[in-house]
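Student: pasting the sequence and the predicted coordinates here, then a few questions.
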Amino acid sequence: MSTAVLEGALWRAERLGEAMGQLARAAGLPLRDVGTGTVSAAVARDRDAIASWLEGAAQSLGLDVDPLRVAGSEVRGTLVEASPALLPIGTGDNLRFAAMLHAHGQVASLVGPDGARVRVRLDALTEAVRGHVEPELSARVDRLLDRASVKDRRRARAHAALVDQLVAGRQVDVGWTLGLPPSAPFSTQLRDAGVGSSALRMMTAQLGLQALSLAGWWLVGRGALDGQIAPGWLVAWGLVLISMIPMRAVASWAQGSAALRFAILLKRRLLHGALRLEPEEVRNQGSGELLGRVIESGAVESLVTSGGLATLLAGVEVLIAGAVLLLAPEGTLAAMAFAACLVVTLGLARDSGKRTDGWTQARLDMTQSLVERMVGHRTRLAQEPRDRWHDAEDEQLVRYAARSVHLDRSSSWLQGAIPRAWLVVGVATIAPGFVRGTSSGTGLAVAIGGLVLGYRALDHIAAGVTSLLRARVAWQQARPLFVAGGREERVGSPSWSASGAVQGEGAVLEARDLQFRYPTRHQPVLRGASVKIAPHDRLLLEGPSGGGKSTLGAVLTGLRAPDAGLLLLGGLDPQTLGEAGWRRRVAAAPQFHENHVMSATLAFNLLMGRTWPPRLADLTEAQQVCAELGLGPLLERMPSGIMQMVGDTGWQLSHGERSRVFIARALLQRADVIVLDESFAALDPETLETAMRCVMKRAPALVVIAHP
């Protein structure tokens, strides 16, 4: 496993698409039967261009790529956790790629250019991945050692120690992990993540626990009811109890593993769905309703995992309890009574589900009303009469309290009364045999064991079904996000996805006879709209409110798809470039009410359209753009400068400062066309002139939407 072995396992950049396909097949990932093409020589020398190419190629294959950028000290641990992955090694013309299948212990398994598995030392692979940052740091260290006049015999050791320390604190582009996209069938994602195998291990361990529990009960009960317990039986009972410890540990570990993996996949799907929702799907929802949807979406994962697993385990306990009761004296009667209690439990669960629906709706109505009042509290203070501040609150509280009482009453019967009623009914079924003396000690022990198991099963199934019912209600709120997360993004050609700015003197962006109609309207907003934008063009789009200016801007930026007409970017249509490729070339600053400052650092808000975490050059460019837009004094006032937290929970920005942050965000995306929608409306004349100079200087092609 020498360095030569690692060199022989590396792929040339031109064969990166083939390397991705081979690695995905080795990892068992399903692939679409399409090609990825080859990487051009220009793209092969640029890591940023390769990242864009990989994104398009992965989408073509039905995969998802996630970039890995961590501190140098964390590279080794990242390689162990992130697999399968494509790892860039070297720079420029010497750039190669390692297709890492997995890494365990001290060894990493790579897929070589010939398709064979190659084992290399993990330390050697780590050093190779970090190698592209060492030449620059090595030169800095050499200059430092020269100034310090370090002697030759100590120089090598000092040089190695300093370089290693600098690399440990430096951000390193580790590579890209391969996996299924969030839009892939959820069942496939669960299978790929091993949720089913974890659940199977959990069920097997639970069955073993139940068997050991029954064996222990039989050993103790037989001796106690016969009036004597032999030492050998006590030893056997002790061994049974000891055996239950590792079995319970395995069951808990498998349950936690299945729940965690399921929760991760579900949360990932819901977050992806939130970004795939169409504007019309959320336009008519207030902030309170959206918060309620978020709360319920968060409850789905905990309720499904806890309720689903509890119900599954309770089902196993029901089967075991029924089997044990059938083996006891008067077993048929006891089993029938247990079945009747189970039917009543399920009936009460259905009634509780209906009451849960009403209670949840009342709670969500209160949440929506409260949030809307909190968000608009300043408007209400200024404009709403005091005697109307609390209108409808009492009515909502009374409705919520009444439904809470009904739900609590139903839940108390379901979770409290029925299991205890079973104890009474169960004792009544086994009592005649005990009174007549026809039941043996062993039979009585089995009957009592079945009685206790039945109580536990009914108690657990009531709790599990209650959680599932609440999960069903929460699912109604989360379902739109889940469905939206399954929508596949339009995929473009990888070759075009990786290309840079559009070249040539012709039109950069061209639209012919565009038509667009909102689903809720009969008349189209756009009809026969045409526009041609060449490099360095500056277009001003004016018109009355409601005339379709913002709609045209959204169509040009790819945020909305036209119903008819031709739309080309550098001669390529949206199907060729794909959604991501189109938005990479046409950036927009939407209207103020549709644009937001995230509760994060100012740097993140400026560079959220670029690779994150940022490089030093990215931060420097962002500061330059801010200075050119007149935000230099703002950076000087903020204690942490560009790394200051902003947004609702951080430094408060004025209306004009927010507008310029939105402009800077669009400019920093390095797009071919910039669309600014009402971005200058909040600026005073002097600041407007400063901002316009910056925009005119930096925008390759510009469209400004404004009122006359």
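Tutor: That came through fine. Residues are numbered from 1 along each chain as shown.
Student: please make it C-alpha for all contacts and neighbour counts, starting now.
Tutor: Will do.
Student: so who does the residue positioned nearest the centre of the chain touch?
Tutor: For the chain, Arg268 is the residue whose C-alpha lies nearest the centre (Cα atoms, centre = their mean; 2.3 Å). Taking Cα atoms under 8 Å, 6 or more residues apart in numbering, we find Arg268 in contact with Pro182.
Student: 6 Å instead, please
Tutor: Contact analysis of Arg268 by Cα atoms under 6 Å, 6 or more residues apart in numbering lists nothing.
Student: ramachandran angles for it?
Tutor: With angles defined as degrees, to the nearest 10, Arg268 sits at phi -60, psi -40.
Student: quick one: it and Pro181, what's the gap?
Tutor: 10 Å (Cα to Cα, to the nearest Å).
Student: report the buried residues of stretch 120-128.
Tutor: The neighbour-count check on stretch 120-128 (16 or more other Cα atoms under 10 Å) flags 120-122, 124-126, 128 as buried.
Student: how about Leu370, secondary structure?
Tutor: Recorded secondary structure, Leu370: helix (DSSP: H, G, I helix; E, B strand; the rest coil).
Student: neighbours of it, just the number please.
Tutor: Counted by other Cα atoms under 10 Å, the residues lying close to Leu370 total 14.
Student: tell me the pLDDT at the residue nearest to the centre of the chain?
Tutor: Here the pLDDT value assigned to Arg268 is 88.
Student: sorry, back to before: can I get the buried residues of stretch 120-128 in TSV with distance to Leu312?
Tutor: Formatted as TSV, those follow (distance: Cα to Cα, whole Å):
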residue	distance to Leu312
Val120	44
Arg121	44
Leu122	41
Ala124	47
Leu125	44
Thr126	44
Ala128	48
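Student: so Ala58 is in which element?
Tutor: If you go by DSSP states H and E, Ala58 is part of helix 47-61.
Student: okay, now the sheet partners of the following helix or strand past that helix, with direction.
Tutor: Next along the chain after helix 47-61, taking DSSP H and E as the criterion, comes strand 64-71. Paired strands of strand 64-71, with direction, are strand 171-179 (antiparallel) (DSSP bridges).
Student: so the following helix or strand past the partner strand versus strand 171-179, what angle?
Tutor: Downstream of strand 171-179, the first helix or strand assigned by DSSP H and E is helix 186-193. On the basis of axes from the mean of the first three to the mean of the last three Cα atoms, to 10 degrees, helix 186-193 is oriented at 120 degrees to strand 171-179.
Student: one step back: Ser52: which of the buried residues of stretch 120-128 is nearest?
Tutor: Ala128 (22.7 Å; Cα to Cα).
Student: what about the closest one, distance to Gly105?
Tutor: 18 Å.
Student: which positions in stretch 555-573 come out as buried?
Tutor: 555-559, 562, 567-570, 572-573.
Student: just the CA trace of stretch 581-588, in PDB.
Tutor: Provided in PDB are the C-alpha atoms of stretch 581-588 (Å, rounded to 0.1, in the frame of the first residue of the first chain):
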ATOM      1  CA  GLY A 581     -27.700  25.800 -14.600                       C
ATOM      2  CA  TRP A 582     -30.100  28.500 -15.600                       C
ATOM      3  CA  ARG A 583     -30.300  30.100 -12.200                       C
ATOM      4  CA  ARG A 584     -26.500  30.000 -12.000                       C
ATOM      5  CA  ARG A 585     -26.400  32.300 -15.100                       C
ATOM      6  CA  VAL A 586     -29.300  34.600 -14.400                       C
ATOM      7  CA  ALA A 587     -29.400  36.000 -10.800                       C
ATOM      8  CA  ALA A 588     -32.100  38.100  -9.400                       C
END
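Student: please shift the residue numbers so they start at 2 in all later answers.
Tutor: Sure, I'll start numbering at 2, so the last one becomes stretch 582-589.
Student: contact partners of it?
Tutor: Contacts for stretch 582-589 (Cα under 6 Å, 6+ apart): 498, 558, 667, 672-677.
Student: could I get the buried residue list for stretch 369-383?
Tutor: For stretch 369-383, by 16+ other Cα under 10 Å, it's 369-370, 372, 374.
Student: now render these as CSV, adding pLDDT and distance to Gly113.
Tutor: Output for these, formatted as CSV (pLDDT from 0 to 100; distance: Cα to Cα, whole Å):
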residue, pLDDT, distance to Gly113
Gln369, 79, 56
Ser370, 81, 60
Val372, 79, 57
Arg374, 80, 61
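Student: and of these, the nearest to Thr333?
Tutor: Closest to Thr333, out of all of the buried residues of stretch 369-383 and judged by Cα to Cα, is Gln369, at 53.3 Å.
Student: contacts only, for Pro114.
Tutor: Taking Cα under 6 Å, 6+ apart as the contact definition, Pro114 lies against Trp12.
Student: distance from the chain centre to the helix holding Ala59, please.
Tutor: A distance of 20 Å separates the centroid of the chain from that of helix 48-62, by Cα atoms, centre = their mean, to the nearest Å.
Student: compute the inter-axis angle for it and strand 172-180.
Tutor: Using the same axes, to 10 degrees, helix 48-62 lies at 10 degrees relative to strand 172-180.
Student: can you tell me which helices and strands helix 48-62 packs against?
Tutor: Helices and strands touching helix 48-62, by 3 or more Cα pairs under 6 Å, 6 or more residues apart in numbering; DSSP states H and E, are helix 495-498.
Student: I'd like the next helix or strand past the helix it packs on.
Tutor: strand 510-517.
Student: redo the buried residues of stretch 556-574 as TSV? Include secondary structure and distance to Met639.
Tutor: Formatted as TSV, those follow (DSSP: H, G, I helix; E, B strand; the rest coil; distance: Cα to Cα, whole Å):
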residue	secondary structure	distance to Met639
Val556	helix	37
Leu557	helix	36
Thr558	coil	33
Gly559	coil	35
Leu560	coil	34
Pro563	coil	43
Leu568	strand	43
Leu569	strand	43
Leu570	strand	40
Gly571	coil	41
Leu573	strand	44
Asp574	coil	44
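Student: output the helix holding Ala59 as CSV, restricted to C-alpha atoms.
Tutor: Extracted in CSV, the C-alpha atoms of helix 48-62 (Å, rounded to 0.1, in the frame of the first residue of the first chain):
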residue,chain,number,x,y,z
ARG,A,48,-12.0,22.9,-9.4
ASP,A,49,-15.0,25.3,-9.3
ALA,A,50,-15.9,24.3,-12.9
ILE,A,51,-15.5,20.7,-12.0
ALA,A,52,-17.9,21.2,-9.1
SER,A,53,-20.6,22.6,-11.5
TRP,A,54,-19.9,19.7,-13.9
LEU,A,55,-20.3,17.1,-11.2
GLU,A,56,-23.6,18.6,-10.1
GLY,A,57,-25.0,18.3,-13.6
ALA,A,58,-23.5,14.9,-14.1
ALA,A,59,-24.9,13.6,-10.8
GLN,A,60,-28.4,14.8,-11.7
SER,A,61,-28.2,13.1,-15.0
LEU,A,62,-27.4,9.8,-13.2
